[in-house]
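>>> next input, structure requested:
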Amino acid sequence: MISSVKIVGYRTFDRFEMSDLGRVNLLVGRNNTGKTSILEGLYILASGSNPLGLWNVLARRGEQVMPDPVPNRPMQAEADISHLFYGHEIAAGTELSITTANQYPERTVRYRIDSASPDQNPSLFGQLADEGFAGPRLALWMSAEPDAAATPSLPSLPVPMPPLPLSKLGTIRVDILQQYMNLRPNKVEGGVTQFIPTESLNIGQLVQLWNAIVLTPDEDRVVEGLQLLETNVERIAQVQTGPIYPGFGFNILGRGGFFVRLRGSEKRLPIGSFGDGMWRMLALIVALVRAKDSVLLVDEIDTGLHHTVMADMWRLVDRAAKLFNVQVFATTHSYDCVHSLSRVCREEESANGQITIQRIESGKKQSIPFNEAEILTAAERNIEIR
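Residues are numbered from 1 along each chain as shown. You can find the predicted model right below:
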């Protein structure tokens, strides 16, 4: 498990550290303190030197620009990587790094903006010739350390990767990224670390995860999770009702494709008929199962869930995290979510020092950790720790 995280030069963080982590970690704090950025940082770390991780992070936030039309080239959004770096500016020497200490060797991923010449990546520089110059230009240099001693959640990666040239706008073009991925000597998809954003998983992402557990005993665990919201759920199945377009790092909206059957009924009901909470719970439990021996990242874990089911949700997360050896990082703004977690801490079988709350405060270089005993004390005395 990860015991501490250090972030340098990423988004709002000049320098930031989070320590004393457990198996289940709830990040709290006001808006714009960087809670989501911490989850993204861990996701980028898992992606290593694979820029597709960066692309997914930027696409989710809409951090893209549309270039001026170019003859014979389709119009495609370009990823504006400046927003990944502290101060939203890039120049030669700009760098970010994310480091974790854990039970395995320390792991670091670094992204640096620096000049690169065409001979360092001829094919990609050649694709940018339509911009009018063929000499050195700014590029994104990526490395992941160590390149050996792979861990279950962070696989071995090629180090270093050749530079990824930036467009004249300082962005990553889709066609350049696609060719860069083809050039990678060892394609890595970021291990099995799972990221559930506030808007939850889209149908393409969820189907991909579901296909890996269908007709296995883990299907029963998914049903168990859905029964927290609808006790009569007996079965769930994925039925393709139309084309699914996986895209290239973009979300596909919709709640279709999954049906449930209730006890005493032969009719199959679309899961979308049960509201956003049911879809959220489906995404949560499927991602937990698929994050075996790795990390699950959940932004606003309580989204769509009524306060009466949150304690059961936390019990499910706590139990599944132990069963599948998953370390969970989640965020919330909800008092009910925090208070429900304290109820799990109170239960004797869960009081094992593996649940923490990490309070993130704007401008502070370290989180404020609360262990299980402190979470219980705060709940009993109505002390605000959000």
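
>>> tell me the secondary structure for residue 115?
strand (DSSP: H, G, I helix; E, B strand; the rest coil).

>>> and the pLDDT at it?
Looking at residue 115, its pLDDT reads 92.

>>> look up phi and psi at the residue lying closest to it once chain neighbours are set aside.
Nearest non-adjacent residue to residue 115, counting by CB to CB, 6 or more residues apart in numbering: residue 136, 4.9 Å away. C-beta here means a position set from N, CA and C on the backbone, and glycine is covered the same way. The phi/psi pair for residue 136 (degrees, to the nearest 10) reads phi -60, psi 150.

>>> show me the protein divided up by domain.
Using automatic domain parsing, the domains assigned to the chain come out as 49-183, 194-354+371-380.

>>> still on that earlier bit, separation between the residue nearest to residue 115 and residue 82?
From residue 136 across to residue 82, the span is 19 Å (CB to CB, to the nearest Å).

>>> ok, residue 347 next?
Taken as CB to CB, the span from residue 347 to residue 82 is 46 Å.

>>> of those two, which one has the most company?
Between residue 347 and residue 82, counted using other CB atoms under 10 Å, the more crowded position is residue 82 (20 against 11).

>>> so what's that one closest to, chain neighbours aside?
Residue 82's closest residue in space is residue 90 (CB to CB, 6+ apart), at 4.8 Å.

>>> enumerate every residue touching that neighbour.
81, 82, 113, 138, 170 (CB atoms under 8 Å, 6 or more residues apart in numbering).

>>> which of those residues sits closest to residue 269?
residue 81 (43.3 Å; CB to CB).

>>> the closest one contacts residue 172, doesn't it?
Yes: Residue 81 is within contact range of residue 172, at 6.0 Å (criterion: CB atoms under 8 Å).

>>> between those two, what contacts are shared?
With CB under 8 Å, 6+ apart as the test, residue 81 and residue 172 both reach 54, 140, 166.

>>> out of the residues you listed, which comes closest to residue 20?
For these, the nearest to residue 20 is residue 54 (28.6 Å; CB to CB).

>>> so the closest one touches residue 81, yeah?
Yes: using CB under 8 Å, residue 54 makes contact with residue 81 at a distance of 6.6 Å.

>>> which residues are common contacts for the two?
residue 172.

>>> just checking, which of the shared contacts of residue 81 and residue 172 belong to strands?
residue 140 (DSSP state E).

>>> let's have the shared contacts of residue 81 and residue 172 in JSON lines, adding neighbour count and distance to residue 182.
Supplementary listing: those in JSON lines, determined by neighbours: other CB atoms under 10 Å; distance: CB to CB, whole Å:
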{"residue": "54", "neighbour count": "23", "distance to residue 182": "17"}
{"residue": "140", "neighbour count": "23", "distance to residue 182": "17"}
{"residue": "166", "neighbour count": "23", "distance to residue 182": "18"}
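
>>> now, among the shared contacts of residue 81 and residue 172, which is nearest to residue 369?
After measuring the shared contacts of residue 81 and residue 172 against residue 369 - CB to CB - the closest member comes out as residue 54, at 28.5 Å.

>>> what's the spacing between that closest one and residue 16?
Taken as CB to CB, the span from residue 54 to residue 16 is 19 Å.

>>> same question, residue 176
Counting by CB to CB - residue 176 and residue 16 are separated by 31 Å.

>>> wasn't residue 177 part of a helix?
Yes: per three-state DSSP, residue 177 lies within a helix segment.

>>> show the pLDDT at it.
pLDDT, residue 177: 87.

>>> just residue 349 next, same as before
Predicted confidence (pLDDT) for residue 349: 51.

>>> fine by me, we can end here.
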